[in-house]
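**Q** I need the structure of the sequence given here:
(2 chains)
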Amino acid sequence: MSADIVFAGVVNGLMAGGVYVLVAVGLTLIYGVLHIINFAHGSLLMLAMYAVYFLFRKPLGLDPYAALPLVTAGAFAFAYLLYRGVIGRFAHGKDENILLITLGLSIVADNAALFFFTGDTQTIDVSYAGRFLQLGPALIPLPKLVSFLASLLICALLGLWMAFTDTGKAIRAVAKERQGARLVGIDVENIFAIAYGIGIACLGAAACLLMPFFYVSPSSGHAFVLIAFTTVVLGGMGSFAGALIGGLLIGIVESLGGLRFGEQLGQIAIPLVFILVLLLRPTGLFGGR
Amino acid sequence: MARKQSRFGVSRRSFVGGAGALSVGLAGFPAILGAQAKAVKVGLIHPVTGFVAYNGQQSRLGATMAIEDVNKAGGVKSMGGAKLEALLGDSQSKVEVGVSEVEKMNEAGASAFIGCFQSPVGIAATQAAAKYNTPFLIDVGASDQLVRRGLKNVFRLKPGFGKCVDDGIAALGAINKGAGSPAKSAVIVHESGEFGTGTAKLLAGKLPSIGIEAKELIPHDNPTRSFDNIALRIRSMAPDIVMMSNYGNEYMLLARTLFQQKVELKGMFSVLGGGFNYKFVKDMPDVSQFMMDTNHWFNPRSEASQALKKRVEAGGALFTFEVYLSYTNVMLLADALERAQSADKEKLIAALAASTFKAELMPYGPTKFVDGQNEGGLPAVMQSLKGEIEVISPEQFASAKAVFPRPKFT
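**A** Numbering: from 1, shown residues only, chains lettered A, B, ... in the order given. Just a heads-up that it's a prediction; the model follows:
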């Protein structure tokens, strides 16, 4: 492989990694606070992608980037209500119940999408889809560059919000010690719902950034779920910085693995990283003990 | 001695006698009615969920519309107007589920099966149906393995990928030659299943016969999130043509990536390209512009096909190849039932094997099954031009002249 190809491969990997980061940040936040794996993650991503698609279609004709605040806020509101109305209510305080409820939600969402939207693949064709930036030997399509930069920006803003706002501090307090948080007067159930809402809001943002270069069908969200799980484990479960570095790293590993070993065998690089991390550093790159 | 009467005023003896007469009547009468109206159960096995759900739903749409039409027209007349009854099955895009659907429908009394869209599912499901000697009509399924295993119960009306590859390559050769032979090399990108791998191997083997070298075969999984690296490799190899053999989502994603990455090519060509349809061409006119595909196509000069197209589109669906192929297969089955005058599996298989059915919707000659494969089937080569699908070969159906080589991006 020439240096040019490797460079272009790394750039491609970074661009792909940007979206992985955003999907994984939502997952890691939900894990960090609620201590559960959200099995509905892929399905909710798919629903958000459909929202972007329908907003783009006539008569609304809303550009996916212009729709980002709306879809993100909508995803937050939907997830908040979903937690308060379904997940929190039927969990009866047991984490394993939440696990099963999210799994059930995933099945319901996938099949509802199939029923209402059919199995047809939907795409949007934006006017800037064909524009690109040349960086040495690498050609970066504009939608991928936007998604990469926006993902990093959203992660940075979310990190600052978590560090400096009262709600952010409350979320971190609940993540560390929920009993203690309750004792100092934090409404833990509300924080659970907010954390779930923010996690899914990240998916809303990811959906807006993905749609200009990806497609949506009832099963399309799942294409990103395994990657997101691997990213979360690699970075350290519950760690923001871990999701960021992990997502970019996974993107590069996947890209270079594909270039070196072919698109099929190259996919082995991701589970290999997963196994190596579990063997050598089970807490992940940034995970606490 | 007075006879003992029941409290309803009927003696035990007359009750038993009456009941006996009634049961004889009931046993005999439905037998006559049943001969007139017993429905013929047809198992429709398609992937209506999973990663090729759209294609499966389109197939189901075509098949159920045809069943409705057969029944409206009075059912199978030689069987006393017997109606066709659809048993709806979902293979979930999985081989093992396809097989279990055959087993379930066999229990339910299926007289014939139609399916399965994906070749691997079709291969396994036809084998399962062979145990019960139940006729199996392949409406969509490209692999030639489907009809090459000596199974007497399997019939495929449409041409397989061997025929499609032969005709497609011959058309590409003629188009290239007509343009002064600018294309000398190709890269083939294919999905890693039976359909993509089989087609890619056939293409690679045939390309040298038209003076084009296959530089590399690049397989990919389903689903694939990104084709960026494949685009990178293609650019580094600088082939004249990219040939694609994949299902809908990956077909569209690869085309879009090559467009976004501005990979300069003389042409993009596919055989049975899973994503080359009205929707792709309308939704992405820039991406699809000048792409060529060899595929199943309805006969645009047939009134019946135009009428069905209108009905399908009026219902909000697209008139994709799955719709008219599945529709036509139900009609083929109805024709065989008519001639067999029975749903008996042996008789039905014999009627199918001897079929000369005229596929009204398709640009086919009379049906002639040789080892289960219809020799009368014919594919067409299409090109996307300004958001429309134009037939460029064979000449007798052509609606436009091929644009080749395509203009450069710069």
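**Q** so after the top helix by length along chain A, what's the next helix or strand?
**A** For chain A, the longest helix by residue count, based on DSSP state H, is helix A:3-34. Next along the chain after helix A:3-34, taking DSSP states H and E as the criterion, comes helix A:41-56.
**Q** For that following helix, the averaged confidence score.
**A** In this model, helix A:41-56 has an average pLDDT of 97.
**Q** Over to stretch A:226-237?
**A** Here the average pLDDT along stretch A:226-237 is 88.
**Q** Pull out the buried residues from stretch B:246-264.
**A** By 16 or more other Cβ atoms under 10 Å in any protein chain shown, the buried positions in stretch B:246-264 come out as B:246-263. Using the backbone N, CA and C atoms, a C-beta is placed for each residue, glycine as well.
**Q** Please give me every residue in contact with whichever residue of the stretch 51-200 of chain A sits closest to chain B.
**A** Going by Cβ to the nearest Cβ, chain B is nearest to A:Gly119 of the stretch 51-200 of chain A, at 2.6 Å. A:Gly119 makes contact with A:Ser217, A:Pro218, B:Val48, B:Thr49, B:Gly50, B:Val52, B:Ala53, B:Tyr54, B:Asn55, B:Gly56, B:Gln57, according to Cβ atoms under 8 Å, 6 or more residues apart in numbering or on different chains.
**Q** Quick check: the first one vs chain B, distance?
**A** Right, the one you point to is A:Ser217. 7 Å (Cβ to the nearest Cβ, to the nearest Å).
**Q** what's the closest non-adjacent residue to that residue?
**A** Leaving aside its sequence neighbours, A:Ser217 sits nearest to A:Thr121 (Cβ to Cβ, 6 or more residues apart in numbering or on different chains; 4.5 Å).
**Q** Tell me, how many residues neighbour residue 189?
**A** Answering for chain A, as no chain was given. A:Glu189 has 15 neighbours, counted by other Cβ atoms under 10 Å in any protein chain shown.
**Q** could you do chain B instead?
**A** Other residues close to B:Val189 by other Cβ under 10 Å number 29.
**Q** hang on, it is in a strand, isn't it?
**A** Yes: membership of B:Val189 in a strand is supported by DSSP: H, G, I helix; E, B strand; the rest coil.
**Q** Can you tell me how far it is from chain A?
**A** Distance from B:Val189 to chain A, by Cβ to the nearest Cβ: 9 Å.
**Q** Spell out the secondary structure type for residue 265.
**A** Here I'm looking at chain A. Put simply, A:Leu265 is helix when judged by three-state DSSP.
**Q** That was the other one, I meant chain B.
**A** Per three-state DSSP, B:Leu265 ends up coil.
**Q** For it, grab the count of nearby residues.
**A** Using other Cβ under 10 Å, B:Leu265 has 22 neighbouring residues.
**Q** Can you name the residues that contact it?
**A** B:Pro239, B:Asp240, B:Ile241, B:Val242, B:Leu258, B:Arg406.
**Q** Contacts only, for B:Val154.
**A** By Cβ under 8 Å, 6+ apart, the contact set of B:Val154 is B:Thr126, B:Ala130, B:Phe136, B:Ile138, B:Leu146, B:Val147, B:Gly372.
**Q** host element of the first one?
**A** Meaning B:Thr126. For B:Thr126, the element it lies in under DSSP H and E is helix B:119-130.
**Q** ok, that helix near chain A or not?
**A** No: residues of helix B:119-130 contacting chain A under Cβ under 8 Å from any Cβ of the partner chain: none, with a closest distance of 15.4 Å.
**Q** A:Gly247 touches A:Gly26, doesn't it?
**A** No: at 11.3 Å, A:Gly247 does not count as touching A:Gly26 under the criterion of Cβ atoms under 8 Å.
**Q** so what's in contact with these two at the same time?
**A** With Cβ under 8 Å, 6+ apart, A:Gly247 and A:Gly26 have no common neighbours.
**Q** Contact residues of the stretch 301-410 of chain B facing chain A?
**A** On the criterion Cβ under 8 Å from any Cβ, chain A has no neighbours in the stretch 301-410 of chain B.
**Q** just the helices in the stretch 301-410 of chain B please.
**A** B:303-314, B:321-340, B:345-353 (DSSP state H, counting those that start in this stretch).
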